[in-house]
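Visitor: Just the structure for this:
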Amino acid sequence: MRLVIAEDAVVVREGLAGLLTDRGLEVAAAVGDPDALLAAVERARPDAVVADIRMPPTHRDEGLRAAAELRRRHPGLGILLFSQYVETSYAHALLADGPAGIGYLLKDRVLDVDDFVDALHRVVEGGTALDPDVISRLLNAGPSPAALTAREHEALGLMAEGLTNGAIAQRMGISARAVEKHTAAIFDKLGIPRTTATHRRVQAVLRYLEDRSA
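Guide: A predicted model of the protein is given here:
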């Protein structure tokens, strides 16, 4: 996997590049600002971008805006953004055009290199990788829509993290069959049409988060 990293803190940028290189990933470029990120992607044509949401000059949402521009220029490019804080408005903005190929993790999660690399693979493959703390904040912002049960609510949160049914079953301590029943109920309650399984999971997550922000 070929990557471009964007992070203005030199120590963090070099440390992340080293960790990912040690795991066999190719870091084609590591830059410190949004303009350099856009240029590096044009030059290197990576499989994915790893970028901080807050970068110069204002340290607000420059990374997020660069990600939106990259999605416009390079459909299919995996984008994994990270932040020091849980910022649900950024998560909603990221998912506005659909969650496929998008990840949003907290910086602390980078320390678990296996999970971080797994998240990268998911976004490159067109999946979604959302931080559990971000999901928790989003899903607990108010009463559950569509009368989801507590277990369905939990299953949808894990779905939003990008976990497979098998991984959800392990996390919840239930059978794979029980997960299938929960996901079928979620799809029905959220009015997700019968298309491919992957598409329905993505649409369920997006529909739920849209309801939370309404």
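Visitor: can we go C-alpha only for contacts and neighbour counts from here?
Guide: Fine.
Visitor: Now do the buried residues in the helix or strand that His182 is a member of.
Guide: Per DSSP states H and E: His182 is located in helix 176-190. Residues 176, 179-180, 182-183, 186-187, 190 are the ones in helix 176-190 that count as buried (16 or more other Cα atoms under 10 Å).
Visitor: From Leu156, how far out is Gly191?
Guide: 14 Å (Cα to Cα, to the nearest Å).
Visitor: of the two, who's got more company?
Guide: Taking other Cα atoms under 10 Å, Gly191 and Leu156 do not tie; Leu156 has more neighbours (25 against 13).
Visitor: pLDDT at the more buried one, what is it?
Guide: At Leu156, the model reports a pLDDT of 85.
Visitor: Show the backbone phi and psi for Asp8.
Guide: Per-residue torsions, Asp8: phi -80, psi -20 (degrees, to the nearest 10).
Visitor: what residues go with each domain of the protein?
Guide: Domain assignment for the chain by automatic domain parsing gives 2-131, 142-213.
Visitor: any idea which of the ones you listed scores lowest on pLDDT?
Guide: Taking the mean pLDDT of those, domain 142-213 comes last: a mean of 77.
Visitor: and the residue nearest to Arg109 when sequence neighbours are not counted, what element?
Guide: The shortest distance from Arg109 to any non-neighbouring residue, by Cα to Cα, 6 or more residues apart in numbering, is to Phe116 (6.9 Å). Using DSSP H and E, Phe116 sits in helix 113-124.
Visitor: In that helix, which residues are buried?
Guide: 116, 119-124.
Visitor: try stretch 39-50
Guide: Buried, per 16+ other Cα under 10 Å, within stretch 39-50: 40-41, 45-50.
Visitor: farthest pair in those residues?
Guide: Arg45 and Val50 (13.3 Å; Cα to Cα).
Visitor: returning to what we had before: which strands and helices sit next to the helix holding His182?
Guide: helix 150-161, helix 165-172, helix 197-213 (3 or more Cα pairs under 8 Å, 6 or more residues apart in numbering; DSSP states H and E).
Visitor: Return the residues in contact with the most centrally placed residue in the chain.
Guide: In the chain, the residue lying closest to the centroid (Cα atoms, centre = their mean) is Gly103, at 1.8 Å. Contact analysis of Gly103 by Cα atoms under 8 Å, 6 or more residues apart in numbering lists 79-81, 119-120, 123, 128-131.
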